[in-house]
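1. just to be clear, the model below is a prediction. Sequence and coordinates:
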Amino acid sequence: MNHTFLALLGCTFGISSADAALSLLYRDEIDRVSELIMVHEYPEAEVLLDSLERRYPRNTDIRFQEMILYFTWIDDYGIADSLGDRFMAAVDATILFGDRDTDSDPDDKWAWFFKGSAYAYRSLYRSYVEGISLGTIRGLIADANTGVNNLRRAAWIDTSFADPLIGIGKYLHWKAQKFPWPLSSSEDADRGVRMLQEAIRRGVVADGGAVQTLGWIYMAEHRYDDAIALVRPWMEKYPHSRFFKEIIARAHQEKGDYGQAETLFYEILNGLSPRERASNFVVMKYQRWVARLRCQQGDRVAACRMAQRLRLLDYRGVHRDWLNRKLAEVDKIIREACVP
């Protein structure tokens with residue numbers, strides 16, 4: 001994630017432009033937060049953000065970074081039950097501070113971007129925790145629409161500002177998949193992909209996040225070679241990040257390149273830290289695809305044994321939505337491989 005925040009330092013951060021040394025120090029520390037998140041060092045990122053918050057208590061961007069940290073941490077470990085309150089507090093703080101900033105300066109594009117992203121993340125998170133139903137759909141769409149409108153306001157203020165295109169593009173594609181005609185259409189999905197491609201082409205602050213988003217969209221559209229070509233430079237840049245390596249491993253698996261896929265999955269598994277290995281959920285996320293590989297290679301006995309072992313692991317502390325979504329593949333392998 002390439003964070004270059006010099007443009008923000010004079011307005012959103014409340015740091016005097018005359019204090020160049022302080023600005024550079026702040027930028028370096030925020031860059032470090034992003035690097036830590038990229039390689040799954042979430043507690044270390046949290047400690048650094050806590051230190052930044054004490055020194056810059058009025059800074060909107062720090063609240064935004066906390067929101068990104070907690071959502072990524074939750075999504076990686078499935079621990080919404082233990083970190084959900086911290087994530088929601090960061091969302092609320094980002095919106096509160098963003099409102100303050102736009103009230104002070106209606107043309108503060110970053111403030112519109114921050115709070116627009118906060119509304120969008122809240123909608124996404126709630127769709128996982130609460131589910132999408134008749135009882136929740138109105139609130140989810142209200143948050144999503146508010147978020148997109150704020151992102152569009154940021155892009156309107158500065159037409160060269162590419163970062164809002166990520167959230168807008170992702171929303172258009174997501175909405176087309178979840179709520180097709182008459183609420184959305186395939187043209188909306190295509191427009192969302194083009195926005196993400198444009199954001200990456202123009203260069204964005206959160207370019208790593210944009211690449212991940214577009215990479216998984218390519219996977220969903222069976223554009224496996226495009227996913228590999230897009231993500232490979234980032235896998236090489238961050239060899240210890242599971243985010244990019246997983247996309248490429250899954251792309252090779254779907255292409256039938258089972259040997260290459262297995263190599264990459266075992267690179268992920270063998271590279272897990274002790275903290276990651278202690279999470280059965282994190283381990284299961286990648287071992288399930290090795291079990292699927294065994295099934296694809298014709299070794300149903302090994303596939304069955306691996307899947308059954310994964311099903312019996314202790315997943316206490318993992319939110320049911322995250323767990324059910326990942327275990328669905330394990331259950332599918334059991335149905336296919338464990339029949340007499």
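-> That came through, no problem. Numbers count the residues shown, from 1 in each chain.

2. longest helix in this structure, please.
-> Identified as the longest helix of the chain according to DSSP state H is helix 80-104.

3. same for the next helix or strand after it, what does it pack against?
-> As assigned by DSSP states H and E, the chain's next helix or strand after helix 80-104 is helix 109-129. If contacts are counted by 3 or more Cβ pairs under 8 Å, 6 or more residues apart in numbering; DSSP states H and E, helix 109-129 sits against helix 60-77, helix 80-104, helix 137-157, helix 164-178, helix 320-337. Heads up, the C-betas are built off the backbone N, CA and C, glycines and all.

4. any idea which of those gets closest to V290?
-> helix 320-337 (10.3 Å; Cβ to Cβ).

5. lowest mean pLDDT across the helices and strands packed on helix 109-129, which one is that?
-> Mean pLDDT per stretch puts helix 164-178 lowest among those, at a mean of 87.

6. what's the domain layout of this protein?
-> The record's domain split for the chain, according to automatic domain parsing, is 1-160, 162-221, 223-271, 279-340.

7. can you put the helices and strands packed on helix 109-129 in JSON lines and add distance to A229?
-> Output for these, formatted as JSON lines (distance: least, Cβ to Cβ, whole Å):
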{"stretch": "helix 60-77", "distance to A229": "24"}
{"stretch": "helix 80-104", "distance to A229": "33"}
{"stretch": "helix 137-157", "distance to A229": "27"}
{"stretch": "helix 164-178", "distance to A229": "19"}
{"stretch": "helix 320-337", "distance to A229": "25"}
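
8. which ones are touching A118?
-> By Cβ atoms under 8 Å, 6 or more residues apart in numbering, the contact list for A118 reads F64, M67, V91, T94, I95, G98, G147.

9. give me the nearest residue to the residue positioned nearest the centre of the chain, chain neighbours excluded.
-> For the chain, the residue nearest the mean C-alpha position is T72 (5.8 Å; Cα atoms, centre = their mean). Take T72 and drop its neighbours on the chain: the residue closest to it by Cβ to Cβ, 6 or more residues apart in numbering is I37, 5.6 Å away.

10. for this protein, which spans come out with low pLDDT?
-> 1-22, 180-184, 204-206 (pLDDT under 70).

11. neighbours of V39, just the number please.
-> V39: 16 surrounding residues under other Cβ atoms under 10 Å.

12. what's the answer for M195, then?
-> When neighbours are counted by other Cβ under 10 Å, M195 registers 24.

13. kindly report the same for R201.
-> 9.

14. could you do D101 as well?
-> Using other Cβ under 10 Å, D101 has 21 other residues around it.

15. gap between it and R122?
-> D101 is 18 Å from R122, where distance means Cβ to Cβ, to the nearest Å.

16. now do A45
-> Separation of A45 from R122 (Cβ to Cβ): 20 Å.

17. now swap in D31 and tell me
-> As judged by Cβ to Cβ, D31 and R122 stand 26 Å apart.

18. which one's more surrounded, these two?
-> Taking other Cβ under 10 Å, D31 and R122 do not tie; R122 has more neighbours (24 against 15).
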